[in-house]
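[1] with the input below, show me the fold.
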Amino acid sequence: MPRSPVRGRARGHARTGTAVSALAAKIRNVQLATPVKEVPPGAWIYELSWDGYRILAHKSGTDVCLRGRRGNDWTGEFSVVADAVANLSTKECVIDGEICAIGSNGVPSFQLLQKSGGKDANLLFVVFDLLWVDGKDLRSKRLEERRARLESIVADAGPDSLVRMSTAVEGDPKQILATACEAGIEGIIAKQKRSLYTGGRDRTWLKVKCTLRQVAPPTPISPPNHPSRKSVSKAAKPTKTEHRLLVGGVSISHPDRVLDPAGITKLDLARYYERVGEEMLPHVKERPLTLMLWDPSARERGGKFMRHAHAWGPDVLRRVHIQEKTKVGEYLVVDNADGLIALAQMDVLEIHTWNSLAEDVEHPNRVVFDLDPAPDVPWARVVECAHYLRERLVALQLAAWPKTTGGKGVHVVVPLEPRADWAQCLEFTRAFADVMQTERPEDFVTTLSKAKRSGKILVDYLRNNRTNTTIAAFSIRARRHAPVSVPISWDELDASLKSDFFTLHNIGERIDKRGRDPWAGYFTRRQRLPRAAR
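    Numbering: from 1, shown residues only. Below is the predicted model:
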């Protein structure tokens, strides 16, 4: 018999009370698996590596809180899962598991989970560990004991519950891994039977990933019979074979998908970010992002912009909350090379970054001058004007570095100690742009009006407004041939090097042959806006 919804609870509005908040504060660190190439001999059990969101579910009475591995609160986004946890027979518990979306072929689909935003998807909460139950801390108990108690709780919930037990098997790990890879699963998790739950990363939990695999539809996972969901009989329909590849540590689905108008495949993009990750990370790391996603219905524009993260993004991407004018916005942040590859998995064509870091979002650590020429301005003139702008900055004792935009202009970037606020940075760049226009009105303009920009170069200082962003160094552009925004030296900035010269296809050669870093000294430069300028 399916369990009735909790009395007094409106569907999709799980409450988070004081008691469950205290429980969530007490138990918040998840056990992490150490990546290995193969599992050593020993007393292990093996589970599938589920493709979803890692969640600690905290329950106290009828109140539930769902927290991600980094402490993000997912209760609102996955309220149907919270309701299912609330209906479990225990008065109090903390359960570790993965929220997954089951595709029409019965296979967990991370892409479907991303696009669903927690809604209109066949969600399951696949659980594999029990940390706390009815006032008892089980983390010091053996895994075998914890799983046995969890299995009884899940069994009581009935077959129609969204809470499902992750199957654990024993045997030859190579054979188990091969079976998982053939089925299109990311890999397997090996756990020592006697392991404790330490809430960190150790070698009692190991993760072995598939490297290259072809996904053949396995035995479908049946979604629960829920009145608001589509009939599960559709899971039995034949589906196309889907190819997936592992790039870095990220599983790439639909690698052959062509991302227009760049004309590259999703796999091309993922491998590109794997290739340039070391060079790109210093320019992107820890900055809130605005992203342009590939959109087949917007080929002329290249895609659609996404500022807020909502439920999007693999777990390798960090989420930060930033106060906006009327609400708190959630933004994605990249912390490592796999984060860049994960953006490719999300069909992200362009990566745009804030001028500040997430840890001190109100104090920019750079200002950017975007020199955007009118169509009738020759490139040689853009180059000369960029060098002139640099000279005027040097007169203020401000060092600056150039980069191509991948379009038709140049970015001049000024690193700063994060002391001035957004208003001060915007006022400085506005005043500086006005000086450029006053000194050389035949070359520079500060108005966005296209009618007044003919034959001139716009000094776009609005890149320095709060929440406005700039194309990231090494990001591709949503344009034909996939041009790339690339840091260059002032010596390189001449009439022979067009702003769209570097592309995804030739940037590797530059990285391989490049000697001295063209932005040497940028990340160690300590400078502030001059007092007189402010």
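
[2] surely G248 meets A344?
    No. Using Cβ atoms under 8 Å, G248 is not in contact with A344; the gap is 9.8 Å. In short, each C-beta sits where N, CA and C put it, glycine included.

[3] higher neighbour count, the two?
    Shown here are G248 and A344; by other Cβ atoms under 10 Å, A344 has more neighbours (26 against 20).

[4] quick check: phi and psi at the more buried one.
    phi -60, psi -40 (degrees, to the nearest 10).

[5] between G248 and A344, what contacts are shared?
    Common contact partners of G248 and A344 (Cβ atoms under 8 Å, 6 or more residues apart in numbering): A270.

[6] pull the CA atoms of stretch 510-519 into PDB?
    Presented in PDB, the C-alpha positions along stretch 510-519 are these (Å, rounded to 0.1, in the frame of the first residue of the first chain):
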ATOM      1  CA  ARG A 510      49.900  28.600 -29.400                       C
ATOM      2  CA  ILE A 511      49.900  27.000 -25.900                       C
ATOM      3  CA  ASP A 512      52.500  24.400 -27.000                       C
ATOM      4  CA  LYS A 513      54.800  26.900 -28.600                       C
ATOM      5  CA  ARG A 514      54.300  29.800 -26.200                       C
ATOM      6  CA  GLY A 515      57.300  30.800 -24.200                       C
ATOM      7  CA  ARG A 516      56.900  33.600 -21.600                       C
ATOM      8  CA  ASP A 517      53.400  34.000 -20.200                       C
ATOM      9  CA  PRO A 518      52.000  37.100 -22.000                       C
ATOM     10  CA  TRP A 519      50.200  38.100 -18.700                       C
END
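
[7] contacts for it?
    Stretch 510-519 has contacts (Cβ under 8 Å, 6+ apart) with 275-276, 279, 401, 486-489, 492, 502.

[8] between which two of those is the distance greatest?
    Across the contacts of stretch 510-519, no pair lies farther apart than R275 and W401, at 22.3 Å, counting by Cβ to Cβ.

[9] compare these two and say which is more crowded by neighbours.
    When R275 and W401 are compared on other Cβ under 10 Å, the one with more neighbours turns out to be W401, at 22 against 16.

[10] tell me the mean pLDDT for stretch 503-514?
    Averaging pLDDT along stretch 503-514 gives 86.

[11] the nearest residue to R149 once chain neighbours are set aside: how many residues sit nearby?
    Closest residue in space to R149, ignoring its immediate chain neighbours: L130 at 5.4 Å, by Cβ to Cβ, 6 or more residues apart in numbering. Using other Cβ under 10 Å, L130 has 28 other residues around it.

[12] in three-state terms, label L130 for me.
    strand (DSSP: H, G, I helix; E, B strand; the rest coil).

[13] residues touching it, list them.
    L130 neighbours (Cβ under 8 Å, 6+ apart): 93-96, 138, 146-147, 149-150, 153.

[14] looking at those residues, which is nearest D268?
    Within the contacts of L130, the smallest distance to D268 is 36.5 Å, found for D96 (Cβ to Cβ).

[15] from N29, how far off is the nearest residue to that closest one once chain neighbours are set aside?
    Once flanking residues are discounted, D96 sits nearest to D129: 4.0 Å by Cβ to Cβ, 6+ apart. With the distance defined as Cβ to Cβ, to the nearest Å, D129 ends up 12 Å from N29.

[16] also A101?
    Counting by Cβ to Cβ, the gap from A101 to N29 is 26 Å.

[17] which of the two has more residues huddled nearby?
    A101 (23 against 14).

[18] verify the stated contact: the more buried one with G52.
    Yes. Using Cβ under 8 Å, A101 is in contact with G52, at 7.1 Å.

[19] ok so, going back, which ones among the contacts of stretch 510-519 lie within strands?
    W401 (DSSP state E).

[20] which one (most neighbours) among the contacts of stretch 510-519?
    V486 (25 neighbours).

[21] with adjacent residues omitted, what lies nearest to that residue?
    F502 (4.5 Å).

[22] touching, that neighbour and V484? I think so.
    Yes. Between F502 and V484 there is a contact at 4.8 Å, judged by Cβ under 8 Å.

[23] ok, back up a step: which among the contacts of L130 end up buried?
    93-96, 138, 146-147, 150, 153 (16 or more other Cβ atoms under 10 Å).

[24] before we move on, the earlier item: so who does the residue nearest to D96 touch?
    Contacts for D129 were tallied using Cβ under 8 Å, 6+ apart; they are 31, 95-97, 143, 146-147, 150, 197.

[25] can I get those in JSON lines including pLDDT and secondary structure?
    Converted to JSON lines, the contacts of D129 look like this (pLDDT from 0 to 100; DSSP: H, G, I helix; E, B strand; the rest coil):
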{"residue": "Q31", "pLDDT": "93", "secondary structure": "coil"}
{"residue": "I95", "pLDDT": "97", "secondary structure": "strand"}
{"residue": "D96", "pLDDT": "97", "secondary structure": "strand"}
{"residue": "G97", "pLDDT": "95", "secondary structure": "strand"}
{"residue": "L143", "pLDDT": "95", "secondary structure": "helix"}
{"residue": "R146", "pLDDT": "95", "secondary structure": "helix"}
{"residue": "R147", "pLDDT": "94", "secondary structure": "helix"}
{"residue": "L150", "pLDDT": "96", "secondary structure": "helix"}
{"residue": "Y197", "pLDDT": "95", "secondary structure": "coil"}
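
[26] alright, I will stop here.
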